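Peer 1: Just to be clear, the model below is a prediction. Sequence and coordinates:
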Amino acid sequence: MENGKSIIDMLLVPTPLIREIFFNRIYEFRSTKPNPRIFDCGANIGMATFFFKSLYPEASIEAFEADPELACILKRNISENYLANVQVNDCALGNKNGVGEFYPNNNPVLGKMGKPSVGSKPSIPISIRRLSEWIGEGVDFLKLDVEGAEWEIVKDLYESNVLWKIKEAVVEYHGNTDGEESRFGEFLSF
């Protein structure tokens, strides 16, 4: 990687995802300050976190990862590459605080809460936190890719009156999961 950084367990990341992040630069944004506050929700092993740090080395990043195995690798990647001002939160995000069932997946980008899917491993209990409680004074950039929980998270941000505190966001919306009716139109209305 650039700047002499190296990613542990790079084989866990599909090649198209690497291309999207580092070559197509889907998470690139402009900040007027050298230390933007960034939330990487669905951080996986840290590819987007690395990208954000390459853009803004002084950025403050809150990285959220529900899969305990991936969160462990994420922490190692941050530590072994001496990335400062990155906080890893090993929890799922949702519209209420509590505990829920997480289904890790044989494909490490497809683990999810609630119901198992093709390739799921046995469920494990994990902490669920409301993202709205982390917003505080605001967020300069939000990356939200949480395998189906986007709807409830964005709805909670809106209902908690903190959505307006997020300057820019890229959301990978996983609608119509598990045969549910799509809420994409309503999602866009927020």
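Peer 2: The structure has been received and is ready for your questions.
Peer 1: now the longest helix seen in the chain, how far from the chain's geometric center?
Peer 2: In the chain, taking DSSP state H as the definition, the longest helix is helix 68-80. Relative to its chain's centre, helix 68-80 lies at 14 Å (CA atoms, centre = their mean, to the nearest Å).
Peer 1: Correct me if wrong: Asn35 contacts Leu55.
Peer 2: No. Between Asn35 and Leu55 there is no contact under CB atoms under 8 Å: 11.5 Å. All C-beta atoms are positioned from the backbone trio N, CA, C, and that covers glycine.
Peer 1: out of those two, which sits in the more crowded spot?
Peer 2: Neighbours were counted for Asn35 and for Leu55 using other CB atoms under 10 Å; Leu55 has more, 16 against 13.
Peer 1: any idea how far Lys165 is from the more buried one?
Peer 2: 21 Å (CB to CB, to the nearest Å).
Peer 1: Same check on Phe64?
Peer 2: Counting by CB to CB, the gap from Phe64 to Lys165 is 17 Å.
Peer 1: of these two, who's got more company?
Peer 2: Phe64 (24 against 15).
Peer 1: For the chain, just list every one of the helices.
Peer 2: Going by DSSP H, the chain shows helices at 15-18, 47-55, 68-80, 150-159, 184-189.
Peer 1: now the ones you listed in a markdown table, with mean pLDDT and distance to Tyr173?
Peer 2: Below are the helices of the chain laid out as a markdown table (pLDDT from 0 to 100; distance: least, CB to CB, whole Å):
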| stretch | mean pLDDT | distance to Tyr173 |
| --- | --- | --- |
| helix 15-18 | 81 | 16 |
| helix 47-55 | 96 | 16 |
| helix 68-80 | 94 | 21 |
| helix 150-159 | 93 | 5 |
| helix 184-189 | 61 | 6 |
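Peer 1: So which of the ones you listed is nearest Glu28?
Peer 2: Closest to Glu28 of the helices of the chain, according to CB to CB: helix 47-55, at 6.8 Å.
Peer 1: May I have that closest one as PDB, with CA atoms only?
Peer 2: In PDB, the C-alpha atoms belonging to helix 47-55 read as follows (Å, rounded to 0.1, in the frame of the first residue of the first chain):
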ATOM      1  CA  MET A  47      -9.700  -0.600   4.100                       C
ATOM      2  CA  ALA A  48     -11.800   2.600   4.200                       C
ATOM      3  CA  THR A  49     -10.100   3.600   7.400                       C
ATOM      4  CA  PHE A  50      -6.800   3.400   5.600                       C
ATOM      5  CA  PHE A  51      -8.100   5.300   2.700                       C
ATOM      6  CA  PHE A  52      -9.400   8.100   5.000                       C
ATOM      7  CA  LYS A  53      -6.100   8.300   6.800                       C
ATOM      8  CA  SER A  54      -4.300   8.600   3.400                       C
ATOM      9  CA  LEU A  55      -6.500  11.600   2.600                       C
END
